[in-house]
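Chemist: what follows is a predicted structure for the sequence shown.
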Amino acid sequence: MPQQTHEEYTISGDKLVSKIKEIVKEGNARKIIIKKEDGETLIEFPLTIGAVGVLAAPIVAAIGALAALVSNCTIIVERKAMGDDK
């Protein structure tokens, strides 16, 4: 079973869209979860190699709407481990 790594970023809502774009552009994220300060999950979406380009615009639009509603949030990024080509 492939190993995965998790990273967490706590950022302000106004920086949310730019951080998500940066994470998607890096290309090794499998899943992104955005949570409010109280820990409630706002949105969770998987990323696959083929779907990143197709899904990026609607996801970014939804995240832009969320950014207007939160002052601070946590982004949890599940990444594929090094050497995991699937």
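Modeler: Thanks, I have the structure now. Numbers count the residues shown, from 1 in each chain.
Chemist: how many neighbours does E37 have?
Modeler: 11 (other C-beta atoms under 10 Å). Yep, even glycine has a C-beta here, placed from its N, CA and C like the rest.
Chemist: mind listing what it touches?
Modeler: The contact partners of E37, by C-beta atoms under 8 Å, 6 or more residues apart in numbering, come to V70, S71, N72, C73, T74.
Chemist: can you check K25 too?
Modeler: Here K25 is in contact with no residues (criterion: C-beta under 8 Å, 6+ apart).
Chemist: could you do the one 3 residues further on as well?
Modeler: In this structure, N28 makes contact with R79, K80, judged by C-beta under 8 Å, 6+ apart.
Chemist: for it, give its distance to T5.
Modeler: 9 Å (C-beta to C-beta, to the nearest Å).
Chemist: what sits in contact with each of those two?
Modeler: Shared contacts of N28 and T5, defined by C-beta under 8 Å, 6+ apart, are found at R79.
Chemist: out of the contacts of E37, which end up buried?
Modeler: V70, C73, T74 (16 or more other C-beta atoms under 10 Å).
Chemist: closest to K19 out of the contacts of E37?
Modeler: Nearest to K19 among those is C73, at 9.7 Å by C-beta to C-beta.
Chemist: right, I'll call it a day here.
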